[in-house]
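Colleague: the sequence and its predicted three-dimensional model are supplied below.
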Amino acid sequence: MSQTLTIKLPKAVTLVNHFGSGHTTTQTIAVSSERLQKILPVLTTLADDIDQVPLATDVGTWRITIKGAGGQATAQGSLLLGGDTELSEQIRAVLPFRELLLFDGAPDLIQRLVVKYEPDATTREQLVIDRRSHTVSLTQQHGATRVKLAITAETVGDLLDELEESLAENEFDSTPSKNASELQVTMRYRYASPEFASGTLSTEAPIYGWNDFAGELQRWLKEFAPNMLDARVFNRRRPQPGDLLYAQVVFHHGENPYSYLATANFAVGDRVKVPAGGRTMYGTIVAMDYFAPENAPYPPSQTKSILTLADPLDEAAGN
């Protein structure tokens with residue numbers, strides 16, 4: 001994703017988001033001259049102060065153009081450098097957009113995401129993901145059955161960023177929906193006002209990107225399954241120093257399996273993406289075990305590794 005931010009005195013500010021899919025969204029707001037004066041003087045001197053260093057284009061770049069009575073000045077830099085974080089934060093404090101990449105690549109981060117699902121009078125589910133406490137909590141009520149799950153982990157912030165991206169192309173509202181939608185999403189940000197989306201879990205009024213949202217969250221939660229219930233632990237012998245984990249993968253039912261090197265996060269039954277004959281293919285793990293290199297089912301130097309878990313949507317699309 002890329003962005004174009006335009007500030008035009010006396011008070012018009014426009015942000016255009018350019019998504020990789022080709023979709024764009026445009027937001028225009030009015031900001032008082034008094035507030036803009038908190039950042040404009042610094043912006044006008046940026047072109048003179050910026051260090052002239054090579055651009056690291058693979059991590060993203062920024063470019064600023066200042067037009068005034070005295071002419072035009074331009075500066076550019078790499079997001080990797082992070083030398084303009086303070087200025088970026090000053091701008092975010094003045095401009096209440098949901099996400100501003102600016103000079104450091106760190107947008108107005110989502111702080112808290114709340115999802116409520118209430119399809120009927122006896123079913124209620126609530127998901128709360130909070131950046132500050134590094135906590136994911138899920139409560140469920142189905143009739144007389146109540147379930148509560150809470151996980152605290154340092155990766156919650158990364159999860160929030162990924163989940164927000166999966167829903168980024170929705171048209172969010174500034175106020176909660178007055179309709180009794182069964183699925184409601186609330187996003188709370190560092191500076192910007194909360195945003196709301198609503199819909200259903202059916203195809204009648206879906207929330208755009210919910211498949212990606214649910215899949216990403218499921219993959220994250222899977223990493224916290226108790227060892228005592230994890231087949232990846234109790235269906236394997238304890239590895240010895242130097243042992244390698246081999247997985248047997250089949251591509252079609254009834255075929256002979258092929259050996260691949262694997263890591264401990266894979267399990268029997270997983271659909272996986274693997275290299276095969278100069279291309280990638282999807283297969284299913286049917287067996288796994290640790291082996292000393294000299295006892296391996298196939299020479300380690302000639303054995304390829306599993307690439308990743310299969311994404312159902314990518315597999316269905318033939319990617």
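Modeller: Looks like it came in fine. Numbers count the residues shown, from 1 in each chain.
Colleague: what segments of the stretch 51-200 of the chain are strands?
Modeller: Ranges of strands within the stretch 51-200 of the chain are 61-68, 71-78, 110-120, 123-130, 135-142, 145-152, 183-189, 195-199, based on DSSP state E, counting those that start in this stretch.
Colleague: now the last one - C-alpha only, PDB.
Modeller: Going back to what we said before, that points to strand 195-199. Included here for strand 195-199 are C-alpha records, laid out as PDB according to Å, rounded to 0.1, in the frame of the first residue of the first chain:
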ATOM      1  CA  GLU A 195     -14.300   3.200  13.400                       C
ATOM      2  CA  PHE A 196     -17.000   0.700  13.000                       C
ATOM      3  CA  ALA A 197     -18.100  -2.000  10.500                       C
ATOM      4  CA  SER A 198     -21.000  -4.400  10.700                       C
ATOM      5  CA  GLY A 199     -22.300  -7.300   8.700                       C
END
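Colleague: pull the residues that contact that strand.
Modeller: When contacts are taken as CB atoms under 8 Å, 6 or more residues apart in numbering, the neighbours of strand 195-199 outside the stretch itself are 98, 167, 170-177, 179, 181, 183-187, 189, 205-207, 210. C-beta here means a position set from N, CA and C on the backbone, and glycine is covered the same way.
Colleague: pLDDT weak spots in the protein?
Modeller: Counting by pLDDT under 70, the chain contains low-confidence residues at 46-60, 69-70, 78-85, 98, 106-108, 174, 177-180.
Colleague: domains in it, by residue range?
Modeller: 2-94, 110-224, 234-317 (automatic domain parsing).
Colleague: format those as CSV; extra columns: mean neighbour count and distance to Phe103.
Modeller: Supplementary listing: the domains of the chain in CSV, determined by neighbours: other CB atoms under 10 Å; distance: least, CB to CB, whole Å:
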stretch, mean neighbour count, distance to Phe103
domain 2-94, 13, 4
domain 110-224, 15, 16
domain 234-317, 14, 33
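Colleague: among those, which is nearest Leu102?
Modeller: For these, distance to Leu102 was read as CB to CB. The smallest value, 4.0 Å, belongs to domain 2-94.
Colleague: end-to-end on the closest one?
Modeller: According to CA to CA, to the nearest Å, domain 2-94 extends 20 Å from its N-terminal end residue to its C-terminal end residue.
Colleague: one step back: of all the strands of the stretch 51-200 of the chain, which one is nearest Thr303?
Modeller: strand 145-152 (34.7 Å).
Colleague: helices and strands around that closest one, which ones?
Modeller: For strand 145-152, the contact count by 3 or more CB pairs under 8 Å, 6 or more residues apart in numbering; DSSP states H and E identifies strand 135-142 as packing neighbours.
Colleague: contacts for stretch 222-229, please.
Modeller: The set of residues external to stretch 222-229 that reach it, using CB under 8 Å, 6+ apart, is Ile151, Ala153, Val233, Phe234, Asn265.
Colleague: how close does the spatially most central residue of the chain sit to Gly269?
Modeller: Taking CA atoms, centre = their mean as the criterion, Glu162 is the residue nearest the geometric centre of the chain, at 1.1 Å. Separation of Glu162 from Gly269 (CB to CB, to the nearest Å) stands at 24 Å.
Colleague: just Ile66 next, same as before
Modeller: Distance of Ile66 to Gly269, computed by CB to CB: 58 Å.
Colleague: now swap in Ile29 and tell me
Modeller: Spatial separation of Ile29 from Gly269 under the definition CB to CB is 50 Å.
Colleague: picking up where we left off before, my guess is the residue nearest to the centre of the chain meets Gly215, correct?
Modeller: No. Here Glu162 lies out of contact with Gly215, judged by CB atoms under 8 Å, at a distance of 10.4 Å.
Colleague: for the strands of the stretch 51-200 of the chain, which one sits closest to Tyr246?
Modeller: Distances from Tyr246 to each of these were compared using CB to CB; the minimum, 30.9 Å, belongs to strand 145-152.
Colleague: on that earlier part again, and the nearest residue to the residue nearest to the centre of the chain once chain neighbours are set aside, which of the three is it?
Modeller: Sequence neighbours aside, Glu216 is the residue nearest to Glu162 in space, at 5.4 Å (criterion: CB to CB, 6 or more residues apart in numbering). State at Glu216, reduced to three classes by DSSP: H, G, I helix; E, B strand; the rest coil: helix.
Colleague: among the contacts of stretch 222-229, name the ones in helices.
Modeller: Counting by DSSP state H, the members of these that fall within helices are Val233, Phe234.
Colleague: could you identify the most distant pair in the contacts of stretch 222-229?
Modeller: When CB to CB is used, the two most widely separated members of the contacts of stretch 222-229 are Ala153 and Phe234, lying 23.2 Å apart.
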